[in-house]
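Engineer: Everything below, folded, please.
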Amino acid sequence: MMVRVRAQRLGRVEEHSLGLRWRVIFPDTEHAAASSYLRELAASDCSPATLRSYAFALLRWFRFVRERLVLWERAERVDVRAFVEFLRETPNPQRLRRRPDAPAPGSVNPHTGKSVLGRHYASRTINHQLTVLFGFYEHACRGDFGPLVNPVPAQRGRDGGRLVAHHNPMENFVLHRRATYRQKTPQATWKAMPDDAADALFEQLQCNRDRALVSFWLTSGARAGELLGLRHGDIDVGARTITVVSKGSRLREAIPASIDSFVWLALYLAETPLAAEGGPVWWTRHRRPRPLGYHAARAVLLRANARLGTNWTLHDFRHTAAQRLLADPAFTLVDVQTLLRHASVTTTQIYTRPRLEDLVGKVLEHYARPAAPPPGLDPGYEANDVLELLGLPT
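Structural biologist: Predicted structure coming up:
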């Protein structure tokens, strides 16, 4: 069975149910070097989402070098530089799908304070593209697929090895500069929803299914895809937990949620036909229901955003859950790391950084506070005696 995902311009990415799941077809046959590289990634336990992302990145590169009348095997460093310039200057096709009344790219939403995505490719997207191409050409050179040298500059160190592989623990770490063509990336930030904004968004939801989803996202901190993958048999009402497949480790882990979430879930399940054990929990509301996917769930949020004039995202629910947990003194940083299933506590520490909107009130309070009186002497002491004690002129 084969499902075509995209067929625009020259080449495409196809999804297969047998063997290698994602394959690059370019120009009209399966690209042998790309499939070999993707098989290496699949054998290294990379997720299907990673394989899909890498496949589209390779397809974008193949289209670019073909327009330059250059064989991918003969691409040089100047071609990589031109590719980076192309990504920096060319609008992202997905950004061109905005509604006519959509806010201008790069503007700030007055209700949420969040920036609207820019018109061009993001710096992280360009860096990801270079990472994909570097690994692809390294594999192609080792596999004797044609190229003799890798045209993409190495990302780490001059020899392409790990930066701290032979670091002397008695010396300080040296910050290496960015590799050639790598873009500056903004510092990771987070945006939690205020309680009143969350309540206003909840009021815009049209059915119990959406209310249950949003309630679970806000109270469990589950990622969007993790919750949408919930199956019958993964719900333990007595323990108030749901079992999800974690994004990074792909392990099945139980996470707690609020009682209200299970109440909304019960109301939703009472409206839907009984499903077999192991079947999907979330379904669309069409005449012919099908499992609810990420894009369908995102469309629900987009419709609510359109009515409110906001631009919240599904991942903002996870940020909100993290912020609420950290605001409770009963939870330690390690507790929140465990609940969010972060591999490193450093990732959780992002939520401890103060946001600008949180500091505005403190700054205004600081300047409104009257100045403290200058220090003086206790009335019980004579001023001349104190000066003489301190050796100061009287």
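
Engineer: At which residues are the strands of the stretch 201-350 of the chain located?
Structural biologist: 235-236, 241-245, 252-256 (DSSP state E, counting those that start in this stretch).

Engineer: Point out the most buried one among the ones you listed.
Structural biologist: Of all the strands of the stretch 201-350 of the chain, strand 241-245 has the most neighbours on average by mean count of other CB atoms under 10 Å, namely a mean of 19. (C-beta placed from N, C-alpha, C; glycine too.)

Engineer: for it, packing partners?
Structural biologist: For strand 241-245, the contact count by 3 or more CB pairs under 8 Å, 6 or more residues apart in numbering; DSSP states H and E identifies helix 224-228, strand 235-236, strand 252-256 as packing neighbours.

Engineer: Using a markdown table, lay out those together with mean pLDDT and distance to Asp316.
Structural biologist: Below are the helices and strands packed on strand 241-245 laid out as a markdown table (pLDDT from 0 to 100; distance: least, CB to CB, whole Å):
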| stretch | mean pLDDT | distance to Asp316 |
| --- | --- | --- |
| helix 224-228 | 96 | 10 |
| strand 235-236 | 94 | 24 |
| strand 252-256 | 95 | 18 |
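
Engineer: want to throw these into CSV with distance to Pro93?
Structural biologist: Formatted as CSV, the helices and strands packed on strand 241-245 follow (distance: least, CB to CB, whole Å):
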stretch, distance to Pro93
helix 224-228, 23
strand 235-236, 39
strand 252-256, 36
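
Engineer: still on that earlier bit, so which of the strands of the stretch 201-350 of the chain gets nearest Thr347?
Structural biologist: Checking the strands of the stretch 201-350 of the chain against Thr347 by CB to CB gives strand 252-256 as the closest, at 16.2 Å.

Engineer: For whatever helix or strand Tyr367 lives in, C-alpha coordinates in CSV please.
Structural biologist: Using DSSP states H and E, Tyr367 sits in helix 356-368. C-alpha atoms of helix 356-368 as CSV (Å, rounded to 0.1, in the frame of the first residue of the first chain):
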residue,chain,number,x,y,z
LEU,A,356,9.3,40.3,30.3
GLU,A,357,5.5,40.6,31.1
ASP,A,358,6.2,39.2,34.5
LEU,A,359,8.9,41.8,35.2
VAL,A,360,6.8,44.8,34.1
GLY,A,361,4.9,44.9,37.4
LYS,A,362,8.0,44.5,39.5
VAL,A,363,9.7,47.4,37.7
LEU,A,364,6.7,49.7,38.1
GLU,A,365,6.5,48.8,41.8
HIS,A,366,10.2,49.4,42.2
TYR,A,367,10.0,53.0,40.9
ALA,A,368,6.7,53.7,42.7
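
Engineer: and the next helix-or-strand element following it, average pLDDT?
Structural biologist: Heading C-terminal from helix 356-368, the first helix or strand you meet, by DSSP H and E, is helix 383-390. Average pLDDT, helix 383-390: 80.

Engineer: From the chain's centroid, how far away is helix 383-390?
Structural biologist: Using CA atoms, centre = their mean, to the nearest Å, the mean C-alpha position of helix 383-390 is found 65 Å from that of the whole chain.

Engineer: And this protein, split by domain according to the record?
Structural biologist: 2-142, 195-351 (automatic domain parsing).

Engineer: rank those by pLDDT, which is bottom?
Structural biologist: domain 2-142 (a mean of 89).

Engineer: Next, format the strands of the stretch 201-350 of the chain as CSV and append distance to Ile25.
Structural biologist: Formatted as CSV, the strands of the stretch 201-350 of the chain follow (distance: least, CB to CB, whole Å):
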stretch, distance to Ile25
strand 235-236, 40
strand 241-245, 29
strand 252-256, 34
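
Engineer: Could you pull up the contacting residues of the residue most central in space within the chain?
Structural biologist: The residue lying closest to the centre of the chain (CA atoms, centre = their mean) is His315, at 7.3 Å. With contact set as CB atoms under 8 Å, 6 or more residues apart in numbering, His315 has these partners: Arg223, Ala224.

Engineer: how about 10 Å then?
Structural biologist: Trp190, Lys191, Trp217, Arg223, Ala224 (CB atoms under 10 Å, 6 or more residues apart in numbering).

Engineer: just the helices in the stretch 1-150 of the chain please.
Structural biologist: With DSSP state H, counting those that start in this stretch as the criterion, the stretch 1-150 of the chain has helices at 32-43, 48-67, 77-89, 123-142.

Engineer: just so I know, which of the strands of the stretch 201-350 of the chain lies nearest Pro27?
Structural biologist: With CB to CB as the yardstick, what comes closest out of the strands of the stretch 201-350 of the chain is strand 241-245 (36.6 Å).

Engineer: Of all the helices of the stretch 1-150 of the chain, which one is nearest Leu292?
Structural biologist: Among the helices of the stretch 1-150 of the chain, the nearest to Leu292 by CB to CB is helix 48-67 (17.3 Å).

Engineer: List the buried residues of the closest one.
Structural biologist: Across helix 48-67, burial judged by 16 or more other CB atoms under 10 Å covers 50-62, 64-66.

Engineer: Can you list the buried residues in the helix holding Tyr367?
Structural biologist: Neighbour-count burial for helix 356-368 flags no residue at all (criterion: 16+ other CB under 10 Å).
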